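*Asks:* Here is my input; please provide its structure:
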Amino acid sequence: MKYLFSFLCSFISITAFASQPVNLRCEHLTTPLGLDTNAPRLTWMLDDKKQGAKQTAYQLIVGSDSLKVLEGKADMWDTHKQNSGNILVVYAGKKLEPFTRYYWKVITWGIDNKQTSSSVTSFEMGMINMKNWQGAWISDGKDINYEPAPYFRKKFVSNKAIVSARAYMATAGLYELYINGQKVGNHRLDPMYTRFDRRNLYVTYDVTSYLQNGENAIGVLLGNGWYNHQSIAVWDFDRAPWRNRPAFCLDLRITYNDGTEETIKSERDWKTSSGAIIFNSIYTGEHYDMRLEQKGWSTALFDDSAWHEVRYRSVPSEIVSAQQVQPIRNVLTIPTKSVRKFDEKTYVFDFGQNMAGVTQIKVSGEAGTVVKLMHGERLFQNGRVDMSNIDVYYRGDKEKDPFQTDILVLDGKGENEFMARFNYKGFRYVEVTSDKPIHLSESSLTAYFMHSDVPKVGTIKTSNSLIDRLCWASDNAYLSNLMGLPTDCPQREKNGWTGDGHLAIETALYNFDGITVYEKWLADHRDEQQPNGVLPDIIPTGGWGYGTDNGLDWTSTIAIIPWNLYLFYGDSRPLAECYENIKRYVNYVDRNSPEHLTTWGRGDWVPVKTRSDKELTSSVYFYVDTKILADAAKLFNKEDDFIYYSTLAEKIKNSINNKFLNKENGIYANGSQTELSVPLQWKVVPEDMIPKVTENLADKVKAEGYHLDVGVLGAKAILNALSENGYAETAYKVAVQDTYPSWGWWIVNGATTLLENWNLQAERDISDNHMMFGEVGAWFYKGLGGILPDAQQPGFKHIILRPNFVAGLDAFESKHQSPYGEIVSKWSAKKKNITYEVVIPANSTATLYLPNNVKGEKTIQLEAGTHLLKFNRIK
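*Replies:* Numbering: from 1, shown residues only. Model prediction:
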């Protein structure tokens, strides 16, 4: 082998690479408002392109005065110079006070011992404690079956110059906040869905610019969300223990230039009325009567003499905490690709891709004209929208409350414009029908792809267009199912299925910066967990999901997700917060598994044809959770727990192998693709048996013509099991297979998201926007780019690189924006010559392990910087 390190930076002036700490974040957010934690996490990365660049020391300065912090003076916390490469530090200064903004910066030292400073940034504290709320919880006094949405308003006068204003909004249900006729912010579906009788969330807004001197008005519009589920489905959310009419609590804190403060709060002096939203359901749709609009209802000049008194309500839960999560937004605007007119009352719009979100219509017509917008994923042969794949669990009135359908009543006063506020759908097509003639064109309907607005941190580009389209479809499916928590599908269920969540966690974290969403969901797990350790298989839940199958292959989210957050971010807080919950969970399984084997779980869901042994797969996940618990115990210096659970993990592994592994032929159970790949993926196979078991798996795959014969558990495991154990070429052929059954089969048949079933002609489990088979979106980073975190130095402080230069692919590039900066693993192949380019971010290092199909030294240590290497491939 011939390899060459080409340090590209040597041709560029060193002055162009001045080191500087950048991307300062607090609680993984940029300049957050309304924090509740007394020990926020402060993070940064080093912008330094010099070869071998690293941070040798840091100093954090935190204070209440931005100018003094800029000068290097701290009245809250000064760490002084710490000889450390850490880029995540937990605040440990003076007590942080409610409603106070703090400023901070970091000074770093590099290998040349020169110090550089970041710019000054800030974070701001919120309520911190429930006792700091001044407002009362109020509602309109209607019961849970009353359909029109409640509107609220309050007028007040502000005659002094305003320096700053913050609105703190807590809601049981959903809301939109208005000040002086303007909607505050661009969030959708706030606050996030929680177990409402145990935790509610509040959101903080900077509303300084919304206020004016003199008369002001605040308006609040409430929606049902998951809090008051009026539509009927099999999941029993209409019978949730928390169900009630939506209510809210608001504090608007104003600081004036004379130093005084005033709080405008929700109280009995507010007024309420109904309006144009005559029905709203997070599950089905929104009904809006333009004739009932009250123009200017949230302005100071509005006459509210006909409005009514509000009613007090009790606090819905003991915990009302800050929503520190990337918000849901209308992220992408998608115009109509085509529209088909059937007659003057019927049109079908095609947006060219499947998505989660809403549509906005602009339409004119006679007063009282009823317009229905039905959203679906499929068309009948006649071109009309087919709902049969997604309305199967709906049990409501399909005439009065049609599934995934908005209903608009026109006012006859020119063009009416409507977009649902308190609902979202999963769709590609929209069928618009009316009871009187209307005229629509392509510009009449616009779609908005709506999801948690998590930053993109990973990209894959290759010479194979199928891979690129598959990655795009994977991203679309993931984002369609990220609404403050990961869900299974955005149409039929909208549930936080635990299995879907952990099966796709690596795809999620390679591609998106989603830690805040997962931390919120883990809090939901802790709120849901029974005292004995049991978790439901949908979280949150109104009670459904505590059955007989809510076991290890699904509810291992409580262990697998915080462990992956630790690996990808180097942040142990989620793992620490879940430690006792993982322990209770593992202990529950242990108490009920005297032989260290269990059948508790759903099994290899939606397999192609072959069913796998559920005791094998569930027991493997029992091992995985126990191993994570043991590793966490070691990390947190819990020595007794480490010894106990390490021993238990070995017992589970031995029990699995004693019962299911035939050591003579290397076959687990009946030798299905899932039964062979799951023990390999999760490191259950004895070291000396790995080659034989992997060979059997590869032979099984070849016998199927490099097609899949797995369900969700096998889909998670099979590519990794092959590529990690010497069969990357086989894994690649499976990953890019484009005939049935395969991921590629979906793509060549026009899929723009991942599907729920391998079989396009299946009659059940046929959502066209599902993430449970989504591991393929992570495998390209791992199996071809070889970018892997190191549990010993997590967060990509040390990067493990195991690229595979597979035949049949001429060019491959993977990029991942890690906490330390961008990692690039890029290669091209021309005959037997491989050119490999690697970028290691500052303050990080890597170990490169080369595959056996290239000549020469197999392990290379890499420092920060750009490296160009050349290899000769062995035929």
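*Asks:* mind checking how far the residue of the chain most remote from its centre is from residue 563?
*Replies:* In the chain, the greatest distance from the average C-alpha position (Cα atoms, centre = their mean) is reached by residue 305, at 44.6 Å. Here the criterion is Cβ to Cβ, to the nearest Å. By it, residue 305 lies 59 Å from residue 563. C-beta coordinates here come from the backbone N, C-alpha and C atoms, glycine included.
*Asks:* on that earlier part again, roughly how far apart are the residue farthest from the centre of the chain and residue 273?
*Replies:* 11 Å.
*Asks:* What backbone torsions are found at the residue farthest from the centre of the chain?
*Replies:* With angles defined as degrees, to the nearest 10, residue 305 sits at phi -60, psi -20.
*Asks:* swap in the one 10 residues further on?
*Replies:* The phi and psi torsions at residue 315 (degrees, to the nearest 10) take the values phi -60, psi 130.
*Asks:* Which residues are in contact with residue 146?
*Replies:* residue 245 (Cβ atoms under 8 Å, 6 or more residues apart in numbering).
*Asks:* Please read the previous query as pertaining to residue 784.
*Replies:* By Cβ under 8 Å, 6+ apart, the residues touching residue 784 are 462, 728, 732, 803, 804, 806, 809, 812, 814.
*Asks:* Please repeat the previous calculation with a cut-off of 10 Å.
*Replies:* 460, 462, 467, 723, 728, 731-732, 735, 802-806, 809, 812-814, 825, 827 (Cβ atoms under 10 Å, 6 or more residues apart in numbering).
*Asks:* just residue 813 next, same as before
*Replies:* The contact partners of residue 813, by Cβ under 10 Å, 6+ apart, come to 459-463, 784-785, 824-828, 837.
*Asks:* Pull out the buried residues from the helix or strand hosting it.
*Replies:* Assessed by DSSP states H and E, residue 813 sits inside strand 811-818. Within strand 811-818, the residues that count as buried by 16 or more other Cβ atoms under 10 Å are 812, 813, 814, 815, 816, 817, 818.
*Asks:* What strands flank it, and is each parallel or antiparallel?
*Replies:* Paired neighbours of strand 811-818 in the sheet (DSSP bridges): strand 458-462 (antiparallel), strand 821-830 (antiparallel).
*Asks:* could those go into JSON lines alongside mean pLDDT and mean neighbour count?
*Replies:* Shown next, in JSON lines, are those (pLDDT from 0 to 100; neighbours: other Cβ atoms under 10 Å):
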{"stretch": "strand 458-462", "mean pLDDT": "98", "mean neighbour count": "20"}
{"stretch": "strand 821-830", "mean pLDDT": "98", "mean neighbour count": "19"}
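*Asks:* returning to what we had before: with distance to residue 629 as extra columns, can I get the contacts of residue 813 in CSV?
*Replies:* Shown next, in CSV, are those (distance: Cβ to Cβ, whole Å):
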residue, distance to residue 629
459, 34
460, 33
461, 38
462, 38
463, 43
784, 32
785, 30
824, 35
825, 32
826, 37
827, 38
828, 43
837, 39
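*Asks:* What residues of the longest strand belonging to the chain count as buried?
*Replies:* What stands out as the longest strand in the chain, according to DSSP state E, is strand 346-363. By 16+ other Cβ under 10 Å, the buried positions in strand 346-363 come out as 346-351, 353-361, 363.
*Asks:* Equivalent analysis for stretch 227-234, please.
*Replies:* By neighbour count with 16+ other Cβ under 10 Å, stretch 227-234 contains the buried residues 227, 228, 229, 230, 231, 232, 233.
*Asks:* Nearest to residue 245 among the residues you listed?
*Replies:* Residue 245 lies nearest to residue 228 out of those, by Cβ to Cβ, at 6.1 Å.
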